[in-house]
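Q: sequence first, predicted coordinates after that:
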Amino acid sequence: MNVRGSFKDARRIMIKVGSNVLTNEQGRLSIGRIGHIVEQIAKLVLQDGKEVILVSSGAVAVGRRRLEFQRRLSRSILHTDKVTVPTNRAAASAGQAAFMALYEQMFAQFDLMVGNVLLTHSDLSSPQHISTFANTIDELLKCSIIPVLNENDVTNQLIANAPAWFADNDSLSAKLATDLDAQLLLLLTDIDGVYTKPPGEKGGYLLDYYSPAIDTIKFGEVSSRGRGGMESKIRAATLASQRGVDVVVASGYERNVIDRLFAGEVMGTVFTEKWEMQALTPRQTCAKANQCKSELHTMSGSTRSDLLRGISEAMIRDAPAILEANNADISAAPEMRSKLELDLDAIKAIAKSTSMLANSPDPVGAILEQRELTDGLTLNRTTSPLGVVLALGDAPEVFPQAVSLAMRTGNALIFYDVSGHARNTYEAFCTTIRTVTHGRYPADAIQLLGREVDLTRLVTQKEDLIDVILIRGSRELARKITDQTRVPVLGAGNGCVSHVYIDEAADVEKAVAIVLDSKATKGRPGCNIGPTNLVYNAMDVLLIHESFPSESRSKLVRALSEAKVRLYGGPNAAVNLGLSEAPSLETEWGAQLAATIEIVGSTQEAVKIINSNGAGTADVIVTENPQSAEIFLNEVDSACIFQNASTRFADGYRLGIGAETGVSTRRIHTRGPAGIKGLLTSRWVVKSDSCHTIQQEMEGKWAYVHRELPSSYDDVDADSDGCGKVSDA
């Protein structure tokens, strides 16, 4: 368990709410925000059995509003300007009763009482005073009364030798949390947590955890609505954490912030001394992966091939342990069996895919194009790893596939387990892989993460830390990540709706075979291990030409029904075939063994429907008519287009590009199954056999020839290691 996961075990919690959270920009109390915080505190007390101590500013702000109103009233009635601006002491005196009355009313809605305790310097001046004060708080908590603590601004004076903890309520909270044996201190403020620079300033970022030995902070201005600033919060939080109290600085503006922190969600900045319980932060994780780049880029292709062969063999050897871990995942989530379940054949298929990558030409450093710029000056464009790949997935086979692809292409991999359902299987695969790579491959080049790391924080890292995000998951996940990140995303953001079109000239036996294979056939032996209906290249929509013989159409529908595929109809098919109408022709059935049927009048109408769906994943025409096939193949705008072949061929293994981690519906960089080439970029290498400068060319000492030279990238021998590598000679 990490530190955030232990918050729920805290028995006594102190919550400090700052003036900026309690008031709005006009200095008035934010009743809605206060009520929301009160509701969450009430839940902690009544449902979770926690002891909650509230340290609350606000009396001065309330008093200032009341006295300002009195001042304006005096001016209008007494016609005098002698009423002076109130001091904090006067404002606190005028506002304390009204402020506490508000808390009393709000907590009374949950049948809870509050007890107000105003502290002076003398109350904490000696162990005896502190003991008396602590006993009072204990008595209140035993009676289920919520103590509301604050400094007594009426009597306290800011004198030279005043205790440091009375400088502001942040410092006071840190002192009280340690004196009252709190296990957790929440400092609710008006920003998300501790930033390395003032929020919005270039180069600043939010810290998940603060370490004074590592993190350097540039502070901004102190708020006009409170005495404390971020500097005081860090000082106070550090003091409390050094005395054994975990502290979180988080935004009181966030909806359900207290509930979410106790649920383990990554919010705010944590101060703790329990570093042995702490997982790496997203930024630290990415930084470690980036540190592997140099070693990975210089590692030979033969070394990476040997490692992949070893991993392939080890997966077969460790199959019993992997299957045992897989059974544990299924036992924990039996409703996910169809998606999670592996068998020996599935592991063999994954191993075969890994072996295929091992035996493929080394893709790193391959020459894509060569050009002689002038005599003695040559240009090569060569392949290069992207750098750090973040892969998201939840199916058991995705992790080993992602590792294989990243290793083959010289990329560091951070793999995030989206759902947590396959975690035991992933860890079993990871153990197998590390037995092979230990001491031969950078350990931080393969990182397996789960929900102990916040996904939002991970995908919103800067582009210099993550180079590409691969998504093997739902359309909703892909769209969510795409909206959140600035890093390029390879995933089916437009969905994975695949179509099979049965032309009027289709052979019925071929049609039945292709449709059943596209929808209801198991995925082995390729990379998509599970049932076809659970992966992106499964048929979702079946389009049938209206002139396709009715008896053949009936045979096709009957075959799907016998395969237990639930059938729905588009507007025409619902009437003609008596089917329940589908939500739309764009419905992606995902994990459901279901399909939509629609009747179309022509090949052009089928093309229009496919292109309007916007998915462009994998689409098929079944026909014996060359003209219809030509129209379909030329006009359908999809990544994978097939004639008389199953949608199942939209797969990295079957297309001969090795393993894959998903499908990209983008039209740049890579499209379709994201295999080896999808994880590579290129760079320009210019070599001179003497010395070449632009000044020489301007002086007429040489002229450009721009003569193309042969490239060996696409014609490399499968057994070679170099793939047309740039020579150092």
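A: Everything's here; your move.

Q: what separation do you get for the most centrally placed residue in the chain and Glu708?
A: Closest to where the C-alpha atoms of the chain average out (Cα atoms, centre = their mean) is Leu455, at 2.8 Å. When distance is defined by Cβ to Cβ, to the nearest Å, Leu455 is 46 Å away from Glu708. C-beta coordinates here come from the backbone N, C-alpha and C atoms, glycine included.

Q: now the nearest residue to the residue nearest to the centre of the chain once chain neighbours are set aside: which helix or strand?
A: Excluding the flanking residues, the one nearest Leu455 by Cβ to Cβ, 6 or more residues apart in numbering is Tyr416, at 6.2 Å. Per DSSP states H and E, Tyr416 falls inside strand 412-417.

Q: and that strand, which strands flank it?
A: Strand 412-417 has the following strand partners under DSSP bridges: strand 388-393 (parallel), strand 446-449 (parallel).

Q: next SSE downstream of that strand?
A: Next element after strand 412-417 (DSSP H and E): helix 423-437.

Q: tell me what angle that following helix forms with strand 412-417.
A: Orientation check (axes from the mean of the first three to the mean of the last three Cα atoms, to 10 degrees): helix 423-437 against strand 412-417 gives 160 degrees.

Q: CA atoms only for helix 423-437 - export them in PDB, please.
A: Output in PDB follows, covering the C-alpha atoms of helix 423-437 (Å, rounded to 0.1, in the frame of the first residue of the first chain):
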ATOM      1  CA  ARG A 423      -2.800  -7.100 -12.800                       C
ATOM      2  CA  ASN A 424      -1.700 -10.600 -11.600                       C
ATOM      3  CA  THR A 425      -1.300 -11.700 -15.200                       C
ATOM      4  CA  TYR A 426       0.700  -8.700 -16.100                       C
ATOM      5  CA  GLU A 427       3.000  -9.100 -13.100                       C
ATOM      6  CA  ALA A 428       3.600 -12.800 -14.000                       C
ATOM      7  CA  PHE A 429       4.600 -11.800 -17.500                       C
ATOM      8  CA  CYS A 430       6.800  -9.000 -16.000                       C
ATOM      9  CA  THR A 431       8.500 -11.500 -13.700                       C
ATOM     10  CA  THR A 432       9.200 -13.800 -16.700                       C
ATOM     11  CA  ILE A 433      10.500 -10.900 -18.800                       C
ATOM     12  CA  ARG A 434      12.800  -9.600 -16.000                       C
ATOM     13  CA  THR A 435      14.400 -13.000 -15.500                       C
ATOM     14  CA  VAL A 436      15.600 -12.700 -19.100                       C
ATOM     15  CA  THR A 437      16.500  -9.000 -19.200                       C
END
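
Q: how about Asp343: what's its closest non-neighbour residue?
A: Nearest one to Asp343, counting by Cβ to Cβ, 6+ apart, is Leu323 at 7.2 Å.

Q: which SS class is that neighbour?
A: When classified by DSSP: H, G, I helix; E, B strand; the rest coil, Leu323 comes out as helix.

Q: which of the strands paired with strand 412-417 sits closest to Asp246?
A: strand 446-449 (22.0 Å; Cβ to Cβ).

Q: mind listing the strands for the stretch 101-250 of the chain?
A: 113-119, 145-151, 184-189, 246-251 (DSSP state E, counting those that start in this stretch).

Q: just name the most buried of the ones you listed.
A: Burial of the strands of the stretch 101-250 of the chain is given as mean neighbour count (mean count of other Cβ atoms under 10 Å); strand 184-189 ranks first at a mean of 27.

Q: starting at the chain centroid, how far to it?
A: 25 Å (Cα atoms, centre = their mean, to the nearest Å).

Q: that one versus strand 246-251: what angle between them?
A: Using the same axes, to 10 degrees: strand 184-189 against strand 246-251 is 20 degrees.

Q: now what about stretch 448-464, what contacts it?
A: Stretch 448-464 is contacted from outside by 2, 4-5, 205-206, 208, 264-266, 279-283, 285-286, 390, 392, 399, 414-418, 420, 423, 426-427, 430, 466, 469, 481, 484-487, using Cβ atoms under 8 Å, 6 or more residues apart in numbering.

Q: hmm, back to that, could I get the strands of the stretch 101-250 of the chain as a markdown table with distance to Gln291?
A: Below are those laid out as a markdown table (distance: least, Cβ to Cβ, whole Å):
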| stretch | distance to Gln291 |
| --- | --- |
| strand 113-119 | 49 |
| strand 145-151 | 46 |
| strand 184-189 | 33 |
| strand 246-251 | 28 |
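
Q: out of the ones you listed, flag the one nearest Gly376.
A: The minimum distance between Gly376 and the strands of the stretch 101-250 of the chain falls on strand 246-251, with 61.6 Å, by Cβ to Cβ.

Q: partner strands of the closest one, parallel or antiparallel?
A: Partners of strand 246-251, by DSSP bridges, with direction: strand 184-189 (parallel), strand 269-271 (antiparallel).

Q: now the element after the shortest one, going C-ward?
A: Stepping forward along the backbone from strand 269-271, the first helix or strand reached (DSSP H and E) is helix 282-290.

Q: got the angle for that following helix vs strand 412-417?
A: 140 degrees.

Q: please, where are all the helices along the stretch 351-500 of the chain?
A: Assigned by DSSP state H, counting those that start in this stretch, the helices in the stretch 351-500 of the chain fall at 398-408, 423-437, 455-459, 475-484.

Q: elements contacting the second one?
A: Under the contact criterion of 3 or more Cβ pairs under 8 Å, 6 or more residues apart in numbering; DSSP states H and E, the helices and strands touching helix 423-437 comprise helix 301-317, helix 319-332, helix 398-408, strand 412-417, strand 446-449.

Q: okay, angle between the fourth one and helix 398-408 too, please.
A: Regarding strand 412-417 and helix 398-408, their directions subtend 170 degrees when assessed with the same axes, to 10 degrees.

Q: contacting residues around strand 412-417?
A: Contacts to strand 412-417, defined as Cβ under 8 Å, 6+ apart, come from residues 285-286, 289-290, 292-293, 296, 387-394, 398-399, 402-403, 406-407, 423, 426, 442, 444-451, 453, 455, 458, 466.

Q: would you agree Asn576 is in contact with Glu598?
A: No - taking contacts as Cβ atoms under 8 Å, Asn576 lies outside contact range of Glu598: 9.8 Å.

Q: neighbour count for the two, which is higher?
A: Glu598 (25 against 17; other Cβ atoms under 10 Å).
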